[in-house]
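Engineer: let me see the structure of the following:
(one chain, ligands or ions: 2)
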Amino acid sequence: MLNAAIRSGGTYLYRDLCKFNYSTAISVCRQFNTTQGQFQKLAQFCSKSILRSFNNKSVTHNTYVKTNKIIMPEEQKPQVVFVLGGPGAGKGTQCSKIVERFQFVHLSAGDLLREERAREGSEYGTLIESYIRDGKIVPVEVTCSLLENAMQNSGKTKFLIDGFPRNQDNLDGWTRQMSDKVDFLFVLFFNCPEDKCVERCLARGQAGSGRSDDNLESLKKRIQTYNNDSLPIIKHYEQIGKVQQIDANPSADEVFKNVEKVFVDAGFQ
Ligand SMILES: Nc1ncnc2c1ncn2[C@@H]1O[C@H](COP(=O)(O)OP(=O)(O)OP(=O)(O)O)[C@@H](O)[C@H]1O
Ligand SMILES: Nc1ccn([C@H]2C[C@H](O)[C@@H](COP(=O)(O)O)O2)c(=O)n1
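Structural biologist: Ligands and ions are numbered 1, 2, ... in the order given. From the prediction side, this is the model:
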């Protein structure tokens, strides 16, 4: 039976995996070069006990359908919304509200870079620090890999990617590495006047954000980078009809009313 499963591959493989115990399933996955993402989903099934049948003999049709639906990658690519706007426009604040209301996973490129910078033994720590301090954009190879890993590790399928793509290098790298693997929905663009952005970041710094770039000197550079490098990316998406623009000036709750409408109109409940 195992040999038949190995020979058959694809859909049939997953159906047959259900008939074996967990370690056999894992070894079959390895033989088929199952991707890390698929492998993790398989592991989640086991840990969530959805596939109790890994450890007993019977596999119901329902279990088979559920397994296939989640494991087979071509059936459901992860959905991605890019969240862009100036420094302090309120991207992170609104993302938290979207997570709560629509169960997206929030991945902030800036947060992932700061985590990587702080990770002991990271080969990129010094490079990331120098880019962040100067308000410059870290090379996409670093950022895109952090994003892809975080997406895979989450085991989820709806992502808000906050603060990315920030320049042409980000966009090119994403297109090379990720565009075939995801279903890109739209850019959520928080439009905020420059003086408001500065005021919010400085207040955030004064409130103890601990960020090395919440100061006037770094902010000038970040705003310059935003105007020169990020706005052209937003314009690019606008030209292909993929931007949902939100006025970020009002209170956070007011802003969210408009954000909520965008997601409901896009079919989320
Ligand atoms: N609509 C709003 N009105 C007033 N203050 C806000 C609003 N939205 C966010 N803030 C505050 O402004 C600061 C910046 O917000 P937030 O961290 O969400 O911005 P951001 O766009 O994610 O910033 P960055 O790009 O620098 O990470 C925070 O202190 C937040 O509490
Ligand atoms: N795509 C990105 C996103 C962020 N960074 C660096 C440079 C930014 O100034 C810093 C902070 O980002 P934020 O938290 O404000 O979104 O992180 C980058 O290089 N590339």
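Engineer: if you skip the residues just before and after it, what's nearest to whichever residue of the stretch 1-150 of the chain sits closest to ligand 2?
Structural biologist: Of all residues in the stretch 1-150 of the chain, G110 sits closest to ligand 2, at 2.2 Å by C-beta to the nearest ligand atom. All C-beta spots, glycine's among them, are computed from the backbone N, C-alpha and C. Taking C-beta to C-beta, 6 or more residues apart in numbering as the measure, G110 lies nearest to G163, with 4.9 Å between them; neighbours along the chain are not counted.
Engineer: count of neighbours near that neighbour?
Structural biologist: 24 (other C-beta atoms under 10 Å).
Engineer: the closest residue to G86 other than its chain neighbours is in what secondary structure piece?
Structural biologist: Spatially, and ignoring its direct neighbours in sequence, G86 is nearest to C197 (4.3 Å; C-beta to C-beta, 6+ apart). For C197, the host element (DSSP states H and E) is helix 194-206.
Engineer: helix or strand next in line after that helix, which one?
Structural biologist: helix 216-225.
Engineer: can you give me the distance of the residue nearest to G110 to ligand 1?
Structural biologist: 6 Å (C-beta to the nearest ligand atom, to the nearest Å).
Engineer: just checking, that residue touches L112?
Structural biologist: No. Assessed by C-beta atoms under 8 Å, G163 is found out of contact with L112, at 9.3 Å.
Engineer: now do the shared contacts for the two.
Structural biologist: Both G163 and L112 lack any common contact, where contact means C-beta atoms under 8 Å, 6 or more residues apart in numbering.
Engineer: the longest strand anywhere in the chain pairs with which strands, and in what direction?
Structural biologist: For the chain, the strand with the greatest residue count under DSSP state E is strand 183-191. Applying DSSP bridges, strand 183-191 is found paired with strand 79-85 (parallel), strand 243-247 (parallel).
Engineer: re earlier: contact partners for the residue nearest to G86?
Structural biologist: 86-89, 219, 223.
Engineer: least trustworthy helix or strand in this protein by mean pLDDT?
Structural biologist: helix 2-8 (a mean of 44; mean pLDDT, DSSP states H and E).
Engineer: V264: neighbour count?
Structural biologist: 12.
Engineer: wasn't it part of a strand?
Structural biologist: No. Assigned with DSSP: H, G, I helix; E, B strand; the rest coil, V264 falls outside any strand and is helix.
Engineer: interface residues of the stretch 1-150 of the chain facing ligand 1?
Structural biologist: Counting by C-beta under 6 Å from any ligand atom, the stretch 1-150 of the chain comes close to ligand 1 at 85, 87-93, 110.
Engineer: list the contacts of F263.
Structural biologist: Contacts of F263 (C-beta under 8 Å, 6+ apart): 98, 101-102.
Engineer: need these in JSON lines (columns: distance to Q76).
Structural biologist: Formatted as JSON lines, the contacts of F263 follow (distance: C-beta to C-beta, whole Å):
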{"residue": "I98", "distance to Q76": "20"}
{"residue": "R101", "distance to Q76": "21"}
{"residue": "F102", "distance to Q76": "17"}
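Engineer: TSV for these, including neighbour count, pLDDT and distance to Q239?
Structural biologist: TSV is the format used below for the contacts of F263 (neighbours: other C-beta atoms under 10 Å; pLDDT from 0 to 100; distance: C-beta to C-beta, whole Å):
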residue	neighbour count	pLDDT	distance to Q239
I98	23	98	25
R101	15	98	29
F102	17	98	27
